[in-house]
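Trainee: Give the three-dimensional model of this entry:
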Amino acid sequence: MSLITRRTALQLSAAVGVSALLSAATTTKPSKTQPLTIGYVPIACAMPLILADALGLFASHGAAVKLKKFAGWADLWSAYATDQLHVAHMLAPMPVAIDSGMTDAQRPTELAFTQNTNGQAITLATRHHGAVTTAQDFRGMVLGIPFEYSVHALLLRQFLETGGVRPGEDVELRLLRPADMVAQLEVGTIDGFVGPEPFNQRAIASGAGRIFRLTRQLWDGHPCCSIAMAKDWKERHPETARALVAALSEAALLADDDSFTPQLISIASSPTYLNQPAKLFEPVFSGRYRDWDSDKEVLDPLRVEYGGPTDPGALIWMTTQLTRWGLAGNAVPHTDEAIIAASRAVLTDGTLPADLPDLTISGDSFSPLAPTQGR
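Mentor: Next comes the predicted model:
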(Lines give C-alpha, C1' and ligand atoms only; values in the text may rest on other atoms or scores of the structure.)
Protein backbone atom coordinates (compact mmCIF):
# COMPACT_ATOMS: atom_id res chain seq x y z
CA MET A 1 0.00 0.00 0.00
CA SER A 2 1.15 3.57 -0.59
CA LEU A 3 2.75 5.46 2.27
CA ILE A 4 0.72 8.01 4.17
CA THR A 5 1.24 11.51 2.76
CA ARG A 6 1.16 14.85 4.52
CA ARG A 7 -2.08 15.84 2.78
CA THR A 8 -3.71 12.50 3.60
CA ALA A 9 -2.69 12.84 7.23
CA LEU A 10 -4.18 16.30 7.52
CA GLN A 11 -7.43 15.24 5.87
CA LEU A 12 -7.73 12.23 8.14
CA SER A 13 -6.99 14.23 11.26
CA ALA A 14 -9.64 16.79 10.40
CA ALA A 15 -12.23 14.10 9.80
CA VAL A 16 -11.71 11.50 12.45
CA GLY A 17 -8.81 12.52 14.70
CA VAL A 18 -5.60 10.97 15.81
CA SER A 19 -6.94 7.41 16.13
CA ALA A 20 -7.56 7.27 12.39
CA LEU A 21 -4.04 8.51 11.75
CA LEU A 22 -2.65 5.72 13.86
CA SER A 23 -4.63 3.15 11.94
CA ALA A 24 -3.86 4.58 8.50
CA ALA A 25 -0.16 4.98 9.15
CA THR A 26 0.42 1.37 10.13
CA THR A 27 -0.97 -0.30 7.01
CA THR A 28 2.52 -1.21 5.82
CA LYS A 29 4.03 -4.07 7.79
CA PRO A 30 7.11 -3.10 9.76
CA SER A 31 10.37 -4.98 9.59
CA LYS A 32 10.35 -8.37 11.32
CA THR A 33 13.73 -7.67 12.86
CA GLN A 34 14.23 -6.67 16.49
CA PRO A 35 12.92 -3.11 16.93
CA LEU A 36 15.54 -0.40 16.95
CA THR A 37 15.56 1.51 20.25
CA ILE A 38 15.91 5.27 19.83
CA GLY A 39 16.63 7.24 22.98
CA TYR A 40 15.15 10.66 23.56
CA VAL A 41 14.69 13.31 26.22
CA PRO A 42 10.99 14.27 26.56
CA ILE A 43 10.95 17.86 25.35
CA ALA A 44 8.97 19.62 22.62
CA CYS A 45 12.03 19.75 20.34
CA ALA A 46 11.58 16.00 19.77
CA MET A 47 8.14 16.27 18.13
CA PRO A 48 9.23 14.87 14.73
CA LEU A 49 10.57 11.78 16.49
CA ILE A 50 7.47 11.52 18.68
CA LEU A 51 5.04 11.99 15.79
CA ALA A 52 6.85 9.46 13.63
CA ASP A 53 6.33 6.95 16.43
CA ALA A 54 2.78 7.96 17.43
CA LEU A 55 1.44 8.03 13.87
CA GLY A 56 3.14 4.83 12.77
CA LEU A 57 5.32 6.61 10.22
CA PHE A 58 8.40 4.57 11.07
CA ALA A 59 6.39 1.42 10.45
CA SER A 60 4.92 2.76 7.22
CA HIS A 61 8.44 3.33 5.91
CA GLY A 62 9.44 -0.19 6.88
CA ALA A 63 11.38 0.45 10.11
CA ALA A 64 10.61 -1.26 13.41
CA VAL A 65 11.28 1.30 16.16
CA LYS A 66 10.63 1.76 19.85
CA LEU A 67 11.37 4.92 21.79
CA LYS A 68 13.05 5.05 25.19
CA LYS A 69 12.84 8.08 27.48
CA PHE A 70 15.83 9.47 29.34
CA ALA A 71 15.35 12.06 32.08
CA GLY A 72 18.37 14.10 31.04
CA TRP A 73 21.15 14.43 28.52
CA ALA A 74 23.92 12.92 30.62
CA ASP A 75 22.06 9.61 30.93
CA LEU A 76 21.27 9.48 27.22
CA TRP A 77 24.87 10.41 26.36
CA SER A 78 26.18 7.53 28.49
CA ALA A 79 23.79 5.03 26.91
CA TYR A 80 24.83 6.06 23.41
CA ALA A 81 28.55 6.18 24.21
CA THR A 82 28.45 2.63 25.60
CA ASP A 83 26.63 1.20 22.55
CA GLN A 84 23.33 0.68 24.37
CA LEU A 85 21.81 2.94 21.70
CA HIS A 86 22.76 3.30 18.04
CA VAL A 87 20.37 6.14 17.20
CA ALA A 88 19.48 8.96 19.56
CA HIS A 89 17.87 12.35 19.94
CA MET A 90 20.76 14.73 20.57
CA LEU A 91 21.32 18.42 21.07
CA ALA A 92 22.93 19.79 17.90
CA PRO A 93 26.51 20.10 19.26
CA MET A 94 26.53 16.60 20.79
CA PRO A 95 27.32 14.64 17.59
CA VAL A 96 30.44 16.76 17.03
CA ALA A 97 31.50 16.35 20.66
CA ILE A 98 31.19 12.57 20.70
CA ASP A 99 32.44 11.99 17.14
CA SER A 100 35.64 13.94 17.78
CA GLY A 101 36.15 12.66 21.33
CA MET A 102 35.81 15.91 23.22
CA THR A 103 35.15 13.89 26.39
CA ASP A 104 36.31 10.49 27.57
CA ALA A 105 33.59 8.97 25.38
CA GLN A 106 34.15 8.78 21.64
CA ARG A 107 32.02 7.14 18.98
CA PRO A 108 31.98 7.90 15.24
CA THR A 109 28.64 9.66 14.79
CA GLU A 110 26.61 11.32 12.06
CA LEU A 111 24.11 14.13 12.47
CA ALA A 112 21.42 12.51 10.32
CA PHE A 113 18.47 14.90 10.78
CA THR A 114 17.79 18.33 12.27
CA GLN A 115 14.59 18.03 14.31
CA ASN A 116 13.95 21.70 15.07
CA THR A 117 15.18 25.25 14.90
CA ASN A 118 14.54 27.94 17.52
CA GLY A 119 12.29 26.71 20.33
CA GLN A 120 14.27 27.66 23.44
CA ALA A 121 14.18 30.59 25.85
CA ILE A 122 16.02 32.30 28.67
CA THR A 123 13.56 32.31 31.55
CA LEU A 124 14.21 34.39 34.66
CA ALA A 125 12.55 34.35 38.06
CA THR A 126 9.54 36.65 38.21
CA ARG A 127 11.19 38.59 41.00
CA HIS A 128 13.73 39.91 38.48
CA HIS A 129 11.10 41.44 36.21
CA GLY A 130 11.65 45.18 35.93
CA ALA A 131 15.20 44.94 37.28
CA VAL A 132 16.91 43.11 34.40
CA THR A 133 17.27 44.65 30.97
CA THR A 134 20.77 43.75 29.72
CA ALA A 135 23.44 41.11 30.19
CA GLN A 136 25.10 43.34 32.80
CA ASP A 137 22.10 42.77 35.07
CA PHE A 138 22.87 39.02 35.14
CA ARG A 139 25.98 39.51 37.28
CA GLY A 140 25.86 37.34 40.39
CA MET A 141 23.06 35.11 39.09
CA VAL A 142 22.89 31.33 39.10
CA LEU A 143 21.47 30.04 35.81
CA GLY A 144 20.51 26.50 34.86
CA ILE A 145 21.71 24.92 31.60
CA PRO A 146 20.61 21.51 30.26
CA PHE A 147 24.03 20.32 29.04
CA GLU A 148 27.38 21.89 28.23
CA TYR A 149 27.20 20.45 24.72
CA SER A 150 23.96 22.27 23.89
CA VAL A 151 23.17 25.23 21.71
CA HIS A 152 21.26 26.60 24.73
CA ALA A 153 24.37 26.83 26.87
CA LEU A 154 26.53 28.13 24.01
CA LEU A 155 24.02 30.87 23.15
CA LEU A 156 23.75 31.88 26.80
CA ARG A 157 27.54 32.10 27.03
CA GLN A 158 27.64 34.21 23.87
CA PHE A 159 24.88 36.53 25.09
CA LEU A 160 26.63 37.10 28.41
CA GLU A 161 30.13 37.52 26.96
CA THR A 162 28.94 39.91 24.25
CA GLY A 163 27.38 41.99 27.04
CA GLY A 164 30.63 42.12 28.99
CA VAL A 165 29.76 39.42 31.53
CA ARG A 166 32.03 36.41 32.03
CA PRO A 167 30.08 33.13 32.11
CA GLY A 168 31.34 30.85 34.84
CA GLU A 169 32.88 33.76 36.71
CA ASP A 170 30.38 36.62 36.89
CA VAL A 171 27.49 34.16 36.45
CA GLU A 172 27.32 30.58 37.71
CA LEU A 173 26.12 28.05 35.14
CA ARG A 174 24.53 25.03 36.81
CA LEU A 175 23.86 21.78 34.95
CA LEU A 176 20.23 20.73 35.53
CA ARG A 177 17.67 18.45 33.96
CA PRO A 178 14.79 20.49 32.45
CA ALA A 179 12.21 19.50 35.09
CA ASP A 180 14.69 20.31 37.87
CA MET A 181 15.18 23.79 36.41
CA VAL A 182 11.56 24.65 37.11
CA ALA A 183 11.62 23.12 40.58
CA GLN A 184 14.73 25.05 41.57
CA LEU A 185 13.34 28.27 40.12
CA GLU A 186 10.23 27.82 42.23
CA VAL A 187 12.20 27.48 45.47
CA GLY A 188 14.62 30.25 44.57
CA THR A 189 17.88 28.29 44.37
CA ILE A 190 18.49 29.54 40.81
CA ASP A 191 17.72 32.90 39.21
CA GLY A 192 16.77 31.52 35.84
CA PHE A 193 17.61 29.02 33.14
CA VAL A 194 17.98 28.56 29.42
CA GLY A 195 15.97 25.58 28.35
CA PRO A 196 13.45 23.83 26.14
CA GLU A 197 9.69 23.67 26.12
CA PRO A 198 7.35 23.10 27.78
CA PHE A 199 9.51 23.95 30.79
CA ASN A 200 9.59 27.68 30.13
CA GLN A 201 5.79 27.50 30.02
CA ARG A 202 5.72 25.47 33.22
CA ALA A 203 7.65 28.22 34.97
CA ILE A 204 5.21 30.79 33.62
CA ALA A 205 2.16 28.73 34.62
CA SER A 206 3.43 28.34 38.18
CA GLY A 207 4.14 32.07 38.44
CA ALA A 208 7.81 31.38 39.20
CA GLY A 209 9.26 32.73 35.97
CA ARG A 210 8.88 34.75 32.81
CA ILE A 211 10.57 34.58 29.43
CA PHE A 212 13.38 37.11 29.20
CA ARG A 213 14.41 36.29 25.62
CA LEU A 214 13.57 33.63 23.11
CA THR A 215 16.78 32.10 21.80
CA ARG A 216 15.48 32.99 18.33
CA GLN A 217 15.97 36.64 19.35
CA LEU A 218 19.66 35.91 19.86
CA TRP A 219 20.05 33.79 16.72
CA ASP A 220 17.09 33.42 14.42
CA GLY A 221 16.85 29.99 12.82
CA HIS A 222 19.45 28.36 15.04
CA PRO A 223 19.44 24.55 15.10
CA CYS A 224 18.55 22.94 18.38
CA CYS A 225 17.96 19.19 18.40
CA SER A 226 18.95 16.46 16.00
CA ILE A 227 18.84 12.75 15.38
CA ALA A 228 22.29 11.19 15.53
CA MET A 229 23.34 7.79 14.21
CA ALA A 230 26.42 5.71 14.93
CA LYS A 231 28.35 5.50 11.68
CA ASP A 232 29.10 1.79 12.03
CA TRP A 233 25.42 1.04 12.66
CA LYS A 234 24.39 3.06 9.59
CA GLU A 235 26.88 1.18 7.44
CA ARG A 236 25.29 -2.11 8.50
CA HIS A 237 21.69 -0.85 8.21
CA PRO A 238 21.52 1.69 5.33
CA GLU A 239 17.90 0.92 4.43
CA THR A 240 16.71 1.37 8.01
CA ALA A 241 18.68 4.63 8.24
CA ARG A 242 16.98 5.94 5.10
CA ALA A 243 13.57 4.86 6.43
CA LEU A 244 14.16 6.73 9.70
CA VAL A 245 15.03 9.97 7.93
CA ALA A 246 12.05 9.63 5.56
CA ALA A 247 9.66 9.11 8.49
CA LEU A 248 11.16 12.02 10.44
CA SER A 249 10.90 14.31 7.42
CA GLU A 250 7.23 13.43 6.99
CA ALA A 251 6.58 13.96 10.69
CA ALA A 252 8.33 17.34 10.68
CA LEU A 253 6.02 18.58 7.94
CA LEU A 254 3.03 17.71 10.11
CA ALA A 255 4.56 19.24 13.24
CA ASP A 256 5.16 22.50 11.39
CA ASP A 257 1.64 22.75 9.93
CA ASP A 258 -0.69 25.05 11.87
CA SER A 259 -3.77 22.99 10.96
CA PHE A 260 -2.27 20.00 12.75
CA THR A 261 -1.66 21.86 16.04
CA PRO A 262 -4.62 20.35 17.98
CA GLN A 263 -3.39 16.83 17.21
CA LEU A 264 0.18 17.89 17.95
CA ILE A 265 -0.86 19.09 21.41
CA SER A 266 -2.82 15.90 22.09
CA ILE A 267 0.11 13.66 21.23
CA ALA A 268 2.73 15.82 22.95
CA SER A 269 0.83 15.96 26.23
CA SER A 270 0.07 12.24 26.44
CA PRO A 271 1.71 10.18 29.22
CA THR A 272 3.39 8.05 26.60
CA TYR A 273 5.46 10.96 25.34
CA LEU A 274 5.99 14.30 27.12
CA ASN A 275 3.44 13.75 29.90
CA GLN A 276 2.76 17.44 30.53
CA PRO A 277 -0.56 19.35 30.71
CA ALA A 278 -1.95 20.16 27.26
CA LYS A 279 -2.40 23.83 28.24
CA LEU A 280 1.38 24.25 28.30
CA PHE A 281 1.78 23.38 24.63
CA GLU A 282 -0.70 25.75 22.96
CA PRO A 283 1.40 28.89 23.63
CA VAL A 284 4.54 27.08 22.46
CA PHE A 285 3.13 25.83 19.16
CA SER A 286 1.17 29.02 18.42
CA GLY A 287 4.04 31.28 19.49
CA ARG A 288 2.24 33.25 22.22
CA TYR A 289 4.21 34.73 25.10
CA ARG A 290 4.38 37.92 27.18
CA ASP A 291 7.24 40.20 26.26
CA TRP A 292 9.64 40.91 29.13
CA ASP A 293 10.33 44.53 28.17
CA SER A 294 6.95 45.83 27.03
CA ASP A 295 4.75 43.47 29.08
CA LYS A 296 2.58 42.99 25.98
CA GLU A 297 1.44 39.64 24.67
CA VAL A 298 3.42 38.72 21.56
CA LEU A 299 2.50 36.26 18.84
CA ASP A 300 5.60 34.80 17.18
CA PRO A 301 4.75 31.88 14.85
CA LEU A 302 8.49 31.18 14.44
CA ARG A 303 8.97 30.53 18.16
CA VAL A 304 9.70 26.92 17.20
CA GLU A 305 10.01 25.36 13.76
CA TYR A 306 10.45 21.72 12.81
CA GLY A 307 12.62 20.03 10.23
CA GLY A 308 14.70 21.87 7.68
CA PRO A 309 18.15 21.09 6.29
CA THR A 310 21.15 20.80 8.58
CA ASP A 311 23.12 24.06 8.42
CA PRO A 312 26.89 23.42 8.10
CA GLY A 313 27.70 27.03 9.01
CA ALA A 314 25.71 26.73 12.22
CA LEU A 315 27.50 23.51 13.06
CA ILE A 316 30.85 25.27 12.61
CA TRP A 317 29.76 28.06 14.98
CA MET A 318 28.83 25.53 17.64
CA THR A 319 32.11 23.66 17.25
CA THR A 320 33.96 26.96 17.48
CA GLN A 321 32.24 27.76 20.76
CA LEU A 322 33.09 24.34 22.18
CA THR A 323 36.77 24.91 21.47
CA ARG A 324 36.65 28.54 22.54
CA TRP A 325 35.23 27.77 25.98
CA GLY A 326 37.56 24.85 26.61
CA LEU A 327 34.85 22.22 26.22
CA ALA A 328 36.70 20.32 23.49
CA GLY A 329 39.65 19.25 25.62
CA ASN A 330 42.58 18.37 23.41
CA ALA A 331 40.42 16.69 20.79
CA VAL A 332 39.84 19.72 18.57
CA PRO A 333 42.36 22.59 18.63
CA HIS A 334 41.04 26.13 18.34
CA THR A 335 42.12 26.52 14.72
CA ASP A 336 40.06 27.10 11.60
CA GLU A 337 41.24 23.88 9.99
CA ALA A 338 40.49 21.67 12.99
CA ILE A 339 37.09 23.24 13.70
CA ILE A 340 35.91 22.95 10.11
CA ALA A 341 37.18 19.35 9.85
CA ALA A 342 35.37 18.30 13.06
CA SER A 343 32.14 19.90 11.84
CA ARG A 344 32.36 18.36 8.39
CA ALA A 345 32.98 14.92 9.87
CA VAL A 346 29.43 14.58 11.23
CA LEU A 347 27.62 15.74 8.09
CA THR A 348 25.74 13.09 6.14
CA ASP A 349 27.78 13.51 2.95
CA GLY A 350 30.91 14.74 4.69
CA THR A 351 31.21 17.81 2.48
CA LEU A 352 30.79 21.56 2.93
CA PRO A 353 29.45 24.05 0.39
CA ALA A 354 32.15 26.15 -1.24
CA ASP A 355 30.55 29.29 0.11
CA LEU A 356 28.89 29.58 3.51
CA PRO A 357 27.03 32.80 4.43
CA ASP A 358 27.97 34.74 7.53
CA LEU A 359 25.76 34.35 10.61
CA THR A 360 24.58 37.03 13.03
CA ILE A 361 24.50 35.80 16.63
CA SER A 362 23.85 38.10 19.60
CA GLY A 363 24.64 41.01 17.30
CA ASP A 364 28.04 39.63 16.28
CA SER A 365 28.93 38.57 12.74
CA PHE A 366 30.44 35.10 12.37
CA SER A 367 32.16 33.72 9.27
CA PRO A 368 32.03 29.90 9.08
CA LEU A 369 35.02 29.93 6.73
CA ALA A 370 37.16 31.83 9.25
CA PRO A 371 35.64 30.70 12.54
CA THR A 372 38.41 31.75 14.93
CA GLN A 373 38.47 35.31 13.62
CA GLY A 374 35.32 36.37 15.46
CA ARG A 375 33.25 35.52 18.51
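Trainee: so how far is Trp219 from the closest residue to Ala131 other than its chain neighbours?
Mentor: Taking Cβ to Cβ, 6 or more residues apart in numbering as the measure, Ala131 lies nearest to Asp137, with 6.6 Å between them; neighbours along the chain are not counted. Heads up, the C-betas are built off the backbone N, CA and C, glycines and all. Here the criterion is Cβ to Cβ, to the nearest Å. By it, Asp137 lies 21 Å from Trp219.
Trainee: same check, this time on Ala54
Mentor: Distance, Ala54 to Trp219, using Cβ to Cβ: 30 Å.
Trainee: Show me where this protein dips below the pLDDT cut-off.
Mentor: 1-33, 375 (pLDDT under 70).
Trainee: switch the cut-off to 80
Mentor: Applying pLDDT under 80 to the chain picks out residues 1-33, 104, 374-375.
Trainee: in whichever helix in it runs longest, what's buried?
Mentor: Criterion DSSP state H: the longest helix present in the chain is helix 238-255. Within helix 238-255, the residues that count as buried by 16 or more other Cβ atoms under 10 Å are 240-241, 243-255.
Trainee: In terms of neighbours, single out the busier of Asp137 and Trp219.
Mentor: Trp219 (23 against 15; other Cβ atoms under 10 Å).
Trainee: what's the following helix or strand after the helix or strand hosting Ala59?
Mentor: Element membership for Ala59, per DSSP states H and E: helix 57-60. Next along the chain after helix 57-60, taking DSSP H and E as the criterion, comes strand 65-69.
Trainee: buried stuff in that following strand?
Mentor: Residues of strand 65-69 classed as buried: 65, 67, 69 (neighbour count, 16+ other Cβ under 10 Å).
Trainee: Now for the nearest residue in space to the last one that is not next to it in sequence, how many residues are close by?
Mentor: For Lys69, the nearest residue in space outside its immediate sequence neighbours is Pro42; the separation is 5.4 Å by Cβ to Cβ, 6+ apart. Burial measure for Pro42: 22 neighbouring residues, criterion other Cβ under 10 Å.
Trainee: secondary structure class for Pro42?
Mentor: Going by DSSP: H, G, I helix; E, B strand; the rest coil, the secondary structure assigned to Pro42 is coil.
Trainee: residue contacts, it?
Mentor: 69, 273-275 (Cβ atoms under 8 Å, 6 or more residues apart in numbering).
Trainee: what do you get if the cut-off is 10 Å, keeping everything else the same?
Mentor: 50, 67, 69-71, 89, 178-179, 196, 198, 268, 272-276 (Cβ atoms under 10 Å, 6 or more residues apart in numbering).
Trainee: now swap in Ala135 and tell me
Mentor: Here Ala135 is in contact with 156, 159-165, 167, 170-171, 362 (Cβ under 10 Å, 6+ apart).
Trainee: now do 8 Å
Mentor: 159-160, 162-165.
Trainee: Same question for Val284.
Mentor: By Cβ under 8 Å, 6+ apart, the contact list for Val284 reads 44, 119, 197-198, 201, 303-304.
Trainee: Mind jotting down where the strands sit in the stretch 101-250 of the chain?
Mentor: Ranges of strands in the stretch 101-250 of the chain, per DSSP state E, counting those that start in this stretch, are 109-114, 116-118, 121-125, 142-145, 172-175, 192-195, 209-214, 225-230.
Trainee: Could you name the helices and strands sitting against the third one?
Mentor: In terms of contact count using 3 or more Cβ pairs under 8 Å, 6 or more residues apart in numbering; DSSP states H and E, strand 121-125 is assigned the packing partners strand 192-195, helix 199-206, strand 209-214.
Trainee: now, of those, which is deepest in the fold?
Mentor: The highest mean neighbour count among these, using mean count of other Cβ atoms under 10 Å, belongs to strand 192-195: a mean of 28.
Trainee: distance between that strand and the chain's centre?
Mentor: Here the centre of strand 192-195 is set off from its chain's centre by 14 Å, with Cα atoms, centre = their mean, to the nearest Å.
Trainee: Next: stretch 281-293.
Mentor: With Cα atoms, centre = their mean, you get 18 Å for stretch 281-293.
Trainee: Okay, now that stretch: how far is its last residue from its first?
Mentor: 23 Å (Cα to Cα, to the nearest Å).
Trainee: can you pull the buried residues of it?
Mentor: 281-285, 287, 289, 292.
Trainee: got it, and stretch 307-321?
Mentor: Of the residues in stretch 307-321, 307-308, 310-321 count as buried by neighbour count, 16+ other Cβ under 10 Å.
Trainee: can I get those residues in CSV with distance to Asp191?
Mentor: Shown next, in CSV, are these (distance: Cβ to Cβ, whole Å):
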residue, distance to Asp191
Gly307, 34
Gly308, 33
Thr310, 34
Asp311, 32
Pro312, 35
Gly313, 32
Ala314, 28
Leu315, 31
Ile316, 32
Trp317, 27
Met318, 25
Thr319, 29
Thr320, 28
Gln321, 23
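Trainee: Which two of the residues you listed have the greatest separation?
Mentor: For the buried residues of stretch 307-321, the farthest-apart pair by Cβ to Cβ is Gly307 and Thr320; their separation is 24.9 Å.
Trainee: picking up where we left off before, for His334, which of the helices and strands packed on strand 121-125 is the nearest?
Mentor: His334 lies closest, by Cβ to Cβ, to one member of the helices and strands packed on strand 121-125: strand 192-195, at 23.6 Å.
Trainee: quick revisit: which one of the buried residues of stretch 281-293 is nearest to Ser259?
Mentor: Taking Cβ to Cβ as the measure, Ser259 lies nearest Phe285 of the buried residues of stretch 281-293, at 11.6 Å.
Trainee: wait, what's in contact with the closest one?
Mentor: Going by Cβ under 8 Å, 6+ apart, Phe285 touches 44, 261, 264-265, 304.
Trainee: show me the contacts for the residue nearest to Pro309 when sequence neighbours are not counted.
Mentor: Leaving aside its chain neighbours, Pro309 sits nearest to Thr114 (7.0 Å; criterion: Cβ to Cβ, 6+ apart). Taking Cβ under 8 Å, 6+ apart, we find Thr114 in contact with 92, 223, 225-226, 307-311.
Trainee: Since that was my last question, I'll sign off now.
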